[in-house]
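1. Sequence and predicted model, in that order:
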Amino acid sequence: MKYLVLGSAGQIGAELCKFLKTEGHEVLTFDIEDDSIQDLRIKGMVDSLVSQSDFVMFLAFDVGGSRYLKKYQHTYAFIDNNARLMVNTFDALKSYRKPFIFASSQMSNMSYSPYGIAKALGESYTRALGGITVKFWNVYGPEHDLEKSHVITDFILKAKDYGNITMMTDGTEERQFLHAEDCSNALMILSQKYNEINRDQELHITNFEWNTILEVADIIKERFPCKISPSKEIDTVQLNKRNEPDPYILNFWKPKISLKEGINKIINEII
């Protein structure tokens with residue numbers, strides 16, 4: 001198929017493009033990080049590529065890890081950026097009637113989070129157009145924008161460069177993580193099973209295993225002997241809310257890469 005990947009330069013998008021190409025598919029890319037004119041906030045900018053594609057992967061969003069969300073998600077610019085890019089992209093998908101997957105988050109039911117609210121709105125658009133929503137659970141891969149980096153990349157770089165993993169929280173909060181390669185495989189399979197997916201079921205892309213943030217730091221410490229410095233703060237982004245993933249997706253796909261294996265993959269790419 002000819003896939004259009006929106007957000008193709010992001011940590012998930014870049015891995016997805018590489019994965020789809022190795023599987024023999026043609027990939028069209030679109031990301032403001034590659035070219036400032038590739039801006040979904042500008043109406044009509046992506047229409048031509050949508051019309052050429054067989055399937056659209058809607059991964060683009062103004063988002064980053066916990067540090068980025070804590071700093072920006074309550075700002076006007078963050079809300080406006082995401083509202084504009086969604087309206088324009090969903091308009092194009094509606095006009096050309098293309099099958100698509102919208103990348104949401106397991107945080108979409110957290111109404112105190114502007115990020116969660118924005119993703120919930122995207123899910124409503126997707127439902128109205130008959131597309132597929134997937135909920136990402138802390139998908140990680142190589143990252144280059146350190147301001148937006150997520151916890152695993154952030155910890156690796158702190159251990160490698162400074163010998164000290166300084167943490168935003170006390171590290172006791174639990175998360176589920178998934179390597180971007182596993183995520184890419186899930187997205188491709190779901191696109192191929194598009195007409196078989198029950199739209200009343202939720203698709204949670206995760207490894208279905210809970211780990212604390214401290215456990216992530218301990219795995220990294222095995223490769224980079226370093227100090228681990230938790231703070232006294234609690235989780236202020238998710239407020240330590242804990243969802244449970246819906247296992248429906250396991251009818252189509254299963255994760256293969258363990259957290260330790262995935263972290264070591266990232267480390268090997270960084271060094």
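-> Thanks, I have the structure now.

2. all helices of this structure, in order?
-> 11-22, 47-52, 66-72, 76-96, 114-129, 151-162, 180-192, 213-223, 259-270 (DSSP state H).

3. got a list of what residue 259 touches?
-> By Cβ atoms under 8 Å, 6 or more residues apart in numbering, the contact list for residue 259 reads 177, 207, 209, 211, 216, 219. C-betas here are computed from N, CA, C, even on glycine.

4. Just the closest of those residues to residue 99, please.
-> The closest of the contacts of residue 259 to residue 99 turns out to be residue 207 (Cβ to Cβ; 26.4 Å).

5. Spatially, which residue comes closest to the closest one, not counting chain neighbours?
-> residue 255 (4.5 Å; Cβ to Cβ, 6 or more residues apart in numbering).

6. if I look at that neighbour, how far off is residue 137?
-> Plainly put, residue 255 is 10 Å away from residue 137 if you go by Cβ to Cβ, to the nearest Å.

7. Please enumerate the shared neighbours of these two.
-> Here residue 255 and residue 137 have 178, 206, 207 as joint contacts, going by Cβ under 8 Å, 6+ apart.

8. What number of neighbouring residues does the second one come out with?
-> Taking other Cβ atoms under 10 Å as the criterion, the count of residues near residue 206 is 25.

9. Show me the shaky parts of the chain.
-> 144-149, 235-240 (pLDDT under 70).

10. ok, back up a step: who has more neighbours, residue 255 and residue 137?
-> residue 255 (22 against 19).

11. and that one, what does it touch?
-> By Cβ under 8 Å, 6+ apart, the contact set of residue 255 is 178, 179, 182, 186, 206, 207, 208.

12. Give me the buried subset of the residues you listed.
-> Taking 16 or more other Cβ atoms under 10 Å as the criterion, what is buried in the contacts of residue 255 is 178, 179, 182, 186, 206, 207.
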